[in-house]
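K.L.:
sequence and predicted structure, then a few things I'm wondering about:
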Amino acid sequence: MAQWTSAVGSAQLSRLLASQQSRPPSPGARRPPAYRALADGIRLLVLEGRVPVAARLPAERELALALAVSRTTVAAAYEELRTEGFLESRRGAGSWTAVPAGNPLPARGLEPLPPEALGSMIDLGCAALPAPEPWLTRAVQGALAELPPYAATHGDYPAGLPALRETLAARYTERGIPTMPEQIMVTTGAMGAIDAICHLFAGRGERVAVESPSYANILQLMREAGARLVPVAMAENLGGWELPRWRQVLREAAPRLAYVVADFHNPTGALESDEQRRALVEAARHSGTVLVVDETMTELCLDPGVTMPRQVPAFDPAGSTVITVGSASKAFWAGLRVGWVRAAPDVIRSLVAARAYADLGTPVLEQLALNWLLTTGGWAQAADIRRAQARENRDALVAALRRELPEWEFTVPSGGLTLWARTGDLSGSRIAAVGERVGVRVPSGPRFGVDGAFEGYVRLSFTVGGAVADEAAARLAAAARLVAEGAAGGESPRTFVA
């Protein structure tokens, strides 16, 4: 289904092209002709998701004036992009961005493999860590002790166990966001929560604004639900949301929903400021867009000196714009499939009513285990273990990458579980494919974009440390060398970036 398309003005495109000039040229590279440099710049903006696919570009004369170049230069650049499949034009209708047929290659390495299937493979794809023992065992034992009264019932609690709803509501209230249990629904993980929200608010054909890049599994969930995804580019270098672009999209596309990760964004690790949060909530309120905020990474601040911003619903006191989604999967353990939604009571009632046609409820034993953790102090101690492990793994992986792949570009995030790395001018999809042959598993960038963006990226998870992180980086370097030498199936190793 076609997505909403936008127009990129000449001033905006000029600014985006100018931002690329700070990047150093490749060693030994010659200065290309002006038309080719312009084509390379626009191509890179498309591949990195900075200019959306199907965006209308300025007319040749208009762009030539903005860039202070000849119209012939712009015409030649557009012709080169058309030849390569990055631009489509129709007489009288203008030109708009595209990606070549068959590009990118199928992305790999995000879905979890069974542990017994990994063998000697180092998995940097699935952003999940082992359980922080002994807290999982203690939580299950505590849950078993509290199970008998619930075992005497039918066991279906579509809104969640009342005790857990009260505990989650109290946690929000303690953080300065007054919340009643009637504003909480317990779900089967964060994916279950977002799936329920999409079915309630965004029927087939509805527009949903998403960060670009964004969490791959959520993008796929929304595609399968029939949503028309509207990508909004993230700022470079973990700068967070591009608020002017968000205001434009919310105003012009009027999406029914917008999905964002404000805390240690997946995949980039960006942390949005208080001002960014306030501004986005205000823009969503004005456009009538429901802002769905994924808080699954909120408790994974890895650097002690970082001051966490206020949670996004703090900027929506009326409760009419923001819906938040939380989960135990990242901060505790992915095997504890318990998530939750915080929203206005009427929204919760609608979600609960719709659940009768889905999964009826979340397993009681798992809810009791989470409630035990939250009410005994076990959650805080387990989260400390999780943060320490993720911090150690992050630092080991960063050091190994800088040693083995110094040409790769990335900004070290202050939290979360993922690193977003630019792979020079090599194809991230081909690195992912060859990586599996040499024993390292990574997901390539296009999984996190819309319509083929981010071919020059891979996402790396903080799942291994020490000597294993060293070996993972060495295997990635070996894969990159094979791709650069053209050993990735006989195809060009390049992503067409300058």
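P.N.:
Perfect, thanks for sending it. Numbering: from 1, shown residues only.
K.L.:
distance check, residue 267 against residue 317.
P.N.:
Remark: distance between residue 267 and residue 317 (Cβ to Cβ, to the nearest Å) = 31 Å. For the C-beta atoms, the positions are set from N, CA and C on the backbone; glycine is no exception.
K.L.:
can you check residue 59 too?
P.N.:
For residue 59, the distance to residue 317 equals 45 Å [Cβ to Cβ].
K.L.:
the more surrounded of these two?
P.N.:
Between residue 59 and residue 317, residue 59 has the larger neighbour count (other Cβ atoms under 10 Å), namely 15 against 10.
K.L.:
now that the more buried one has come up, it's in contact with residue 92, right?
P.N.:
No: between residue 59 and residue 92 there is no contact under Cβ atoms under 8 Å: 11.5 Å.
K.L.:
find the residues that touch each one of the two.
P.N.:
Residues touching both residue 59 and residue 92 (Cβ atoms under 8 Å, 6 or more residues apart in numbering): none.
K.L.:
the helix or strand hosting residue 387 - contacts with which helices or strands?
P.N.:
Element membership for residue 387, per DSSP states H and E: helix 378-404. Using 3 or more Cβ pairs under 8 Å, 6 or more residues apart in numbering; DSSP states H and E, the elements in contact with helix 378-404 are helix 135-146, helix 364-376, strand 418-422, helix 466-484.
K.L.:
now do the shortest one against helix 466-484, angle only.
P.N.:
Read it as strand 418-422. Here strand 418-422 runs at an angle of 30 degrees relative to helix 466-484 (axes from the mean of the first three to the mean of the last three Cα atoms, to 10 degrees).
K.L.:
show me where the protein has its strands.
P.N.:
Under the criterion DSSP state E, the chain contains strands at 87-90, 94-97, 122-123, 184-187, 207-212, 228-233, 257-260, 290-294, 322-327, 339-342, 418-422, 440-441, 457-461.
K.L.:
which residues does the fourth one contact?
P.N.:
Residues from elsewhere that reach strand 184-187 (Cβ under 8 Å, 6+ apart): 157, 159-161, 164-165, 168-169, 193, 196, 338-343, 348, 351-352, 355, 361-362, 367.
K.L.:
let's see 7 Å
P.N.:
Strand 184-187 is contacted by residues 159-161, 164-165, 168-169, 193, 196, 338-342, 348, 351-352, 362, 367 when judged by Cβ atoms under 7 Å, 6 or more residues apart in numbering.
K.L.:
list the buried residues for it?
P.N.:
Residues 184, 185, 186, 187 are the ones in strand 184-187 that count as buried (16 or more other Cβ atoms under 10 Å).
K.L.:
strands paired with that strand, and their directions?
P.N.:
strand 339-342 (antiparallel) (DSSP bridges).
K.L.:
may I have the strand it pairs with exported as PDB, CA atoms only?
P.N.:
Output in PDB follows, covering the C-alpha atoms of strand 339-342 (Å, rounded to 0.1, in the frame of the first residue of the first chain):
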ATOM      1  CA  GLY A 339       4.000  -5.700  29.200                       C
ATOM      2  CA  TRP A 340       1.500  -3.000  29.900                       C
ATOM      3  CA  VAL A 341      -0.300   0.000  28.500                       C
ATOM      4  CA  ARG A 342      -0.900   3.300  30.300                       C
END
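K.L.:
I'd like the distance from that strand to the chain centre, please.
P.N.:
19 Å (Cα atoms, centre = their mean, to the nearest Å).
K.L.:
save the buried residues of strand 184-187 as JSON lines, and put in distance to residue 451 and pLDDT too.
P.N.:
As requested, the buried residues of strand 184-187 are exported to JSON lines (distance: Cβ to Cβ, whole Å; pLDDT from 0 to 100):
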{"residue": "184", "distance to residue 451": "36", "pLDDT": "98"}
{"residue": "185", "distance to residue 451": "33", "pLDDT": "97"}
{"residue": "186", "distance to residue 451": "35", "pLDDT": "97"}
{"residue": "187", "distance to residue 451": "29", "pLDDT": "96"}
